[in-house]
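>>> quick one: sequence and predicted model below, then my questions.
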Amino acid sequence: MANRTAPAGPSYAAVFVDFENVYYFLKNHFHDPPDLNDYVLALVRKLRETLAQQGLDCLVLNAYADFERLATAPQGGLYLMGVSTRNVLGTHHKNAADMQLCIDALEVLYTRPDIGTFVLVAGDRDYIPLLQHLRRQARQVLVAGFREATSGDLLQNLGPQHFIDARELLPAATLALLEQRRSARPAAPAPAAVPTAAPPAEESSAFDPVRPLANADEQRCLAFMAAELQRLSQHRPVHELWLTPFLRRLTDEFPALPEYERRDLINALRTAGALRIEKREGEQYPFSVIVLNPQHPAVRAATAAPDA
């Protein structure tokens, strides 16, 4: 924390908030809590106070989202906090908020030499080129976000000393309430027919209890896994997928979803008993793999031969 208290250059900052990233993380991770706007506004307010304590005066504060798609309307609250809202229409191929944020950050970089610190409230790895460019221009760069929704590649590139954990920006009572809501979510019951039979394979006990998949995105993700296994098995049988390369491939299959929602799909399939994640020891570093449950009905359907 000490190396963030005395930023180099002018003590003025520009803050760019990927509002959609924060909003949908809280919505999905904590199961659509009530008063969602209040949580995001409290986070932004505390961030501004934290920067002020470090001697940084926020001259530019922008928030980006397709606000018309949000279930709530936070523009009024953001305006009263001095935050300018940039309404950008989302697309099915690329998050337009990301693109507009990067454009505005570069405009500030080249038109406001008095601003020495750039703060991004975002976590997607797509911001890495922007962060690298800002740092090459001798600007201090800070990133605030939830670790679960922040790309590991971005963190590695940025350095942990320049990362602000968004959990520290929420009041302790609020965070405890959200965590209680997350842990209190009842588990989906398993189908009645499944418990009547003993696990048919020795690995079955390592999977979570089987339940039907909840939505079309989970089915599509599982089908994509099965297709990847089939593609990789053209020359020799492959029974597992390396997790990190698969997540990169999943970006092409679900380009409209942020990284944490793609990871949530993997977790949903795991809690449905369709797969498990295993650690492997590599020559240099350990890695994780995805193993499908051959006894799960959805897995059997996804891996069945077309003419079966």
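Received the coordinates, thanks.
>>> quick check: phi and psi at residue 272.
Here is the backbone geometry of residue 272 (degrees, to the nearest 10): phi -80, psi 0.
>>> doesn't residue 16 belong to a strand?
Yes. Residue 16 sits within a strand when classified using DSSP: H, G, I helix; E, B strand; the rest coil.
>>> and it, what does it touch?
60, 62, 64, 101, 104, 105, 118, 119, 120, 121, 122 (CB atoms under 8 Å, 6 or more residues apart in numbering). Placement of C-beta: from N, CA and C, glycine included.
>>> next: residue 246.
By CB under 8 Å, 6+ apart, the contact list for residue 246 reads 225, 228, 290.
>>> just residue 224 next, same as before
The contact partners of residue 224, by CB under 8 Å, 6+ apart, come to 249, 250, 253.
>>> which of those fall in helices?
If you go by DSSP state H, the contacts of residue 224 have 249, 250, 253 in helices.
>>> ok, residue 73 touching residue 85?
No. Using CB atoms under 8 Å, residue 73 is not in contact with residue 85; the gap is 10.1 Å.
>>> what do those two both touch?
Residues touching both residue 73 and residue 85 comprise residue 67, with contact defined as CB under 8 Å, 6+ apart.
>>> between the two, which has more neighbouring residues?
Per other CB atoms under 10 Å, whichever of residue 73 and residue 85 has more neighbours is residue 85, with 19 against 11.
>>> dump the residue contacts of the more buried one.
For residue 85, the contacting residues are 19, 62, 63, 64, 65, 67, 74, 75, 78, 79, taking CB under 8 Å, 6+ apart as the criterion.
>>> buried ones among those?
Neighbour-count burial (16 or more other CB atoms under 10 Å) applied to the contacts of residue 85 gives 19, 62, 63, 64, 65, 67, 74, 75, 78.
>>> name the helix or strand for the last one, please.
Looking back up the chat, that one is residue 78. Following DSSP states H and E, one finds residue 78 within helix 75-80.
>>> mean confidence for that helix?
For helix 75-80, mean pLDDT is 91.
>>> how about residues contacting that helix?
Judged by CB under 8 Å, 6+ apart, the contacts made with helix 75-80 from elsewhere in the structure are 37, 41, 44, 63, 67, 84, 85.
>>> related to what we said a few turns ago, if we take the contacts of residue 246, which one ends up nearest to residue 270?
Using CB to CB, the shortest approach to residue 270 within the contacts of residue 246 belongs to residue 290, at 8.8 Å.
>>> residues touching the most centrally placed residue in the chain, list them.
Relative to the mean C-alpha position of the chain, the nearest C-alpha, by CA atoms, centre = their mean, is the one of residue 260, at 2.5 Å. Residues in contact with residue 260, defined by CB under 8 Å, 6+ apart, are 25, 28, 29, 123, 146, 148, 149.
>>> can you flag which of those belong to helices?
Helix and strand membership here follows DSSP H; of the contacts of residue 260, those in helices are 25, 28, 29.
>>> nice, that's everything, thank you.
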